[in-house]
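Q: show me the folded form of this:
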Amino acid sequence: MSSALQADIVIVGAGPAGLFAGIAALETDPHARVIIVEHQKKPGRKLLVTGGGQCNFTHGGSIKDFIEHYGPAGAKIRKVLYAMSNEGVRAWFSRHGVETIERDDGKVFPRSLAAGDVLKALRESFEALGGTLLCETEPTQFDVKGGPLGCRLELLGKGGEISISVHSCIIATGGITYPKTGSDGSFVKMLEPVFKQHSIRFSSFSPALTPLYPEAYPFASLEGFSLPVLLWFEKETKAKLEQKGLLFRADSFSGPAAMDASVCGDVGDAFFINFVPDESRPAQEVAADMLKQSRLTKKEISTFVASFFDLPKKLAEALVCWGMPADFKKLYARDMSKAECILLCERILHARFVVKKRGSSGEGMVSRGGVALEEILLPQMSLKKAPCIFVTGDFVDVTGDTGGYNLQWAFSSGYLAGRSAAQALLPKEL
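A: Okay, the predicted model is just below:
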């Protein structure tokens, strides 16, 4: 059984970017007919798991400071972020009954610490404005047409096949991470003929913000331990390094330090860790000081190293034992050679690792890849070569740091896409 739907804008994907795009469209043109289609049973399933279910949906501070948290893309997306800033997002949620709190580290959460409250506000606002949400509805065909009705979609829903022609389509399907929540990249295959026809550059998705799996990982005994470090890839500049938390897992590094850096790294790339980020002197200079002080102590090496660098004893012991004979940690510090002092200082201040493998789609918080920014008219989030198509969120090749920056991008880009698609429906002023 087939049927036809009447609409002006169809949004594919009912995550935060899609829902916010629908809201922005209806706030811009209350008469617009807006439909969101979602192939999952319920909207926003990935949103519900963000921040461990507490939903860190943006970050505090000035929006100007956000730019450096998106790597090379930051300067290009400045106007998009400014159009719906972090303060704008917080104000919107406050107006819709979701008060927010900002932690000492700048992360912003709903005061209730419940992701469900964020999703509820988005869904109820969209539907209160007159939007239509169709869940368990899968696009089966997508075409770009000429004329005012720029897109045609064939959908398969619970009631059968649906045909719909609209002025514009907003793509908010996300990438490939947490595929069980709906972000599985399946819509990309449908778009490939359109991208090929219009020569639109699209980079294949891969997981981003994942743990780092190094070769010869020496810290299995530290599983669950964390501390602030400096972590950087060999090919990166160290000029703007920030101290971030590193979490030791049984077989890998995680936490913000590792996950933020993972965006830059591929298999075989070298990265470095400074476990004492407040120490900026060259390792050899520190080693000379260390050697001098070691001659004045009766402590064992691991105890002395913990004291000298102000490190937790457990971490100092792991660093001392790394690649050394089992009884090395029991030696006295005063018996260390100059070469051993230099080796330990290099290991603590400039430890080198090589990426063994990338994290999986089930581990990545977001995806890297997507539509190239150069293909997008950024003030509108529409494709330059197919202006009836708008793209948002993780479907665009933009990856932010952990800490709410990726959800902020979803809201900012979704807002502009929805507003711009609706503005195209309004009568042009003479």
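
Q: where do the strands sit along the stretch 251-400 of the chain?
A: All strands of the stretch 251-400 of the chain, identified by DSSP state E, counting those that start in this stretch, fall at 253-254, 270-274, 351-357, 366-371, 376-377, 382-383, 389-391.

Q: ok, residues contacting the fourth one?
A: Read it as strand 366-371. 174-177, 183, 185, 200-209, 263, 361, 383, 391, 394-400, 406 (C-beta atoms under 8 Å, 6 or more residues apart in numbering). For every residue, glycine as well, the C-beta is placed using N, CA and C.

Q: buried among these? Need that as a selection in PyMOL.
A: Burial among those is assessed by 16 or more other C-beta atoms under 10 Å; the matching PyMOL selection reads:
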select buried, resi 174+175+176+177+183+185+200+202+205+206+207+208+209+263+361+383+391+394+395+396+397+398+399+400+406
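
Q: tell me which of the contacts of strand 366-371 fall in helices.
A: N406 (DSSP state H).

Q: need the phi and psi values for E161.
A: Note on E161: its backbone torsions stand at phi -80, psi 140 [degrees, to the nearest 10].

Q: who's it bridged to?
A: Judged by DSSP bridges, the bridge partners of E161 are S2, L156.

Q: for the stretch 1-150 of the chain, which spans come out with low pLDDT?
A: 1-2, 146-147 (pLDDT under 70).

Q: can you map out the helices along it?
A: 16-28, 78-83, 86-95, 115-128 (DSSP state H, counting those that start in this stretch).

Q: off-centre distance for the first one?
A: Counting by C-alpha atoms, centre = their mean, to the nearest Å, helix 16-28 is centred 21 Å from the centre of its parent chain.

Q: using CSV, write down the CA coordinates of that helix.
A: The C-alpha trace of helix 16-28 is given here as CSV (Å, rounded to 0.1, in the frame of the first residue of the first chain):
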residue,chain,number,x,y,z
PRO,A,16,19.6,16.7,18.4
ALA,A,17,20.6,18.3,15.1
GLY,A,18,17.4,17.1,13.4
LEU,A,19,15.0,18.0,16.1
PHE,A,20,16.6,21.5,16.6
ALA,A,21,16.5,22.0,12.8
GLY,A,22,12.8,21.2,12.8
ILE,A,23,12.2,23.6,15.7
ALA,A,24,14.2,26.4,14.0
ALA,A,25,12.3,25.9,10.8
LEU,A,26,8.9,26.1,12.5
GLU,A,27,9.9,29.1,14.6
THR,A,28,11.0,30.9,11.4
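
Q: ok, and for that helix, which residues are buried?
A: For helix 16-28, by 16+ other C-beta under 10 Å, it's 16-28.

Q: possible to save those as CSV with distance to G160?
A: Formatted as CSV, the buried residues of helix 16-28 follow (distance: C-beta to C-beta, whole Å):
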residue, distance to G160
P16, 29
A17, 28
G18, 23
L19, 25
F20, 30
A21, 27
G22, 24
I23, 29
A24, 31
A25, 27
L26, 27
E27, 32
T28, 32
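
Q: which one of these is nearest R334?
A: Nearest to R334 out of those is P16 (C-beta to C-beta; 58.9 Å).
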